[in-house]
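1. 3D, please:
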Amino acid sequence: MKKGFKKKIGFLHLWLGLGSGLIVFIAALTGSILVFEKEIDNTINPEYYKVTRIGTTKKTIDYCTDILQKQYAIKKITRIYTFNDPSRTMQILGKDSDKKAQFFSIDPYTGKVLATTPQESRFFVVVLSIHRQLLLGETGEIIMGTSCLILAFMLISGIILWWTKKIKNLKQRLTVKWSASFKRVNLDFHSTFGFYSFLVLLVISLTGLSFAFSWFQDGVYFLADGTTKKPSAKVENPTKIDPKLNNTAFYQSIYNKTDSIFPYTGNIQIRMPVDTINSILVLKENIEKTIPNQSSAAYFDKYTTKEIEARPYESFSTGDKIKRLNYPIHTGSIYGLTTKIIAFMVALFAATLPITGLLIWLGKKKNKK
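-> As a prediction, this is how the structure comes out:
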């Protein structure tokens, strides 16, 4: 490899790294926390996940939503999460009279509200907002997406800088000389563990781009399906006027129909439309599958609960299936605890890269003086 090319790559690696270092540090640190979001939150706030006693029969979903509307002044139900595990609580997201989102944990056997908190103040909601948007909305999302793109370049350029043609130098590049000076250990740590974590970090950074940029997601669809056109996740509601039906089992009816359409074992999530045009979307995740996030979708009339359309997971295009795998791959949950631990360790190491890189630059700057 020509020295001139390596020199240019080194220049870009250095200054792009210094420019994006703080953002990469924040993204990596928050990402490492989010890897074990469910495990941490389950331990700290068990009342949001586990019932105190498993009963024999469950209350209807409408019984639980009525309690929220009467006792907590919830004006609109936005999402309902039900779980196949008998020890799990029912989770409901609703908006109060001030249109603020409130998160509720309910005992499905008694209808008792076990815990409630404003959605925006939940710890992991805040961490996720920092991870994706730096709490800056769309502007922060662009900043985070750009830093993710820079990180992908940094990883590839780092491998180019690490690469050696001489076999005798390979052992040195693959190990950290812990007995050496701090400067040498810092350099070895940055480059050696950068090499070992390269592939996992590259996958994490590339999957992160799908959350930030629509053009990247379109590219994935084009490579998988040969087109960027994809079916809309929304289906327009056929009934335009609320017929004011006296339906006392509205949500339960939708739940039962979904369970009948997709008769496998799974968790069901009911998503109410945020606008006045679209219908209700219900997702049922197949927990019998090894790979997570294999959910089928069904659409229901938001006034009559009549089934509009069913989309089994098997009918999704390759691009759709890749999109659904994006989150478990990005978080390391794709193959359970093993891949989570790998993602956690690699994300923690990624948080050190801007620090060790800065120390390398400061050391070289000092030597020049």
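2. Met154 reaches Leu14, doesn't it?
-> No. With contact defined as C-beta atoms under 8 Å, Met154 does not count as touching Leu14 (9.9 Å). Glycine gets a C-beta too; all of them are placed from N, C-alpha and C.
3. Just want to know which of the two has more residues nearby.
-> Neighbours were counted for Met154 and for Leu14 using other C-beta atoms under 10 Å; Met154 has more, 27 against 17.
4. which helices and strands does the helix or strand where Asn367 lies pack with?
-> Using DSSP states H and E, Asn367 sits in helix 337-368. Helices and strands touching helix 337-368, by 3 or more C-beta pairs under 8 Å, 6 or more residues apart in numbering; DSSP states H and E, are helix 3-35, helix 182-196, helix 198-212.
5. Ok, which of the ones you listed comes nearest Thr318?
-> Taking C-beta to C-beta, helix 198-212 is the member of the helices and strands packed on helix 337-368 nearest to Thr318, at 14.8 Å.
6. any idea of the mean pLDDT for that closest one?
-> For helix 198-212, mean pLDDT rounds to 95.
7. Now do it and helix 337-368, the angle between them.
-> 100 degrees (axes from the mean of the first three to the mean of the last three C-alpha atoms, to 10 degrees).
8. Can you tell me what sits against helix 198-212?
-> With C-beta atoms under 8 Å, 6 or more residues apart in numbering as the test, helix 198-212 has contacts from 27, 31, 132, 141-142, 144-145, 148-149, 151-152, 155-156, 158-159, 216-217, 220, 323, 326, 329-330, 342-343, 346-347, 350.
9. re earlier: buried stuff in the helix holding Asn367?
-> Buried residues in helix 337-368, counted by 16 or more other C-beta atoms under 10 Å: 339-340, 343-354, 356-357, 359-360.
10. which stretches of the stretch 51-200 of the chain form helices?
-> Listed in chain order, the helices of the stretch 51-200 of the chain (DSSP state H, counting those that start in this stretch) span residues 61-71, 123-133, 137-162, 170-174, 182-196, 198-212.
11. Out of these, which gets the lowest mean score?
-> Ranked by mean pLDDT, those bottom out at helix 170-174, with a mean of 81.
12. So which residue is smack in the middle of this protein?
-> Centroid-nearest residue in the chain, with C-alpha atoms, centre = their mean: Tyr327, separated by 4.8 Å.
13. for the helix or strand of the chain with the lowest mean pLDDT, packing partners?
-> Ranked by mean pLDDT, DSSP states H and E, the weakest helix or strand in the chain is helix 170-174, scoring a mean of 81. Packed against helix 170-174 by the contact rule (3+ C-beta pairs under 8 Å, 6+ apart) you find helix 182-196.
14. What are the buried residues along the helix it packs on?
-> Asn186, Leu187, Asp188, Phe189, His190, Ser191, Thr192, Phe193, Gly194, Phe195.
15. Now render those as JSON lines, adding distance to Gly4.
-> Listed next are the buried residues of helix 182-196 as JSON lines, based on distance: C-beta to C-beta, whole Å:
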{"residue": "Asn186", "distance to Gly4": "27"}
{"residue": "Leu187", "distance to Gly4": "23"}
{"residue": "Asp188", "distance to Gly4": "26"}
{"residue": "Phe189", "distance to Gly4": "28"}
{"residue": "His190", "distance to Gly4": "23"}
{"residue": "Ser191", "distance to Gly4": "21"}
{"residue": "Thr192", "distance to Gly4": "26"}
{"residue": "Phe193", "distance to Gly4": "28"}
{"residue": "Gly194", "distance to Gly4": "23"}
{"residue": "Phe195", "distance to Gly4": "23"}
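16. Closest to Thr89 out of those?
-> So of these, ranked by how close each gets to Thr89 (C-beta to C-beta), first place is Phe193, at 40.6 Å.
17. gap between the closest residue in space to that closest one that isn't next to it in sequence and Thr207?
-> Nearest residue to Phe193, sequence neighbours excluded (C-beta to C-beta, 6 or more residues apart in numbering): Phe349, at 5.6 Å. Phe349 is 17 Å from Thr207, where distance means C-beta to C-beta, to the nearest Å.
18. just Pro243 next, same as before
-> Distance, Pro243 to Thr207, by C-beta to C-beta: 44 Å.
19. Who has more neighbours out of those two?
-> Taking neighbours as other C-beta under 10 Å, Pro243 and Thr207 compare with Thr207 leading, 20 against 9.
20. got a list of what the closest residue to the more buried one other than its chain neighbours touches?
-> Among residues not flanking Thr207 along the chain, His330 sits closest, at 4.0 Å (C-beta to C-beta, 6+ apart). Taking C-beta under 8 Å, 6+ apart, we find His330 in contact with Ile204, Thr207, Gly208, Ser210, Phe211.
21. check which helix or strand covers His330.
-> Here His330 is assigned to helix 318-331, by DSSP H and E.
22. Could you pull up the mean pLDDT of that helix?
-> 94.
23. That's all I had, so thanks and see you.
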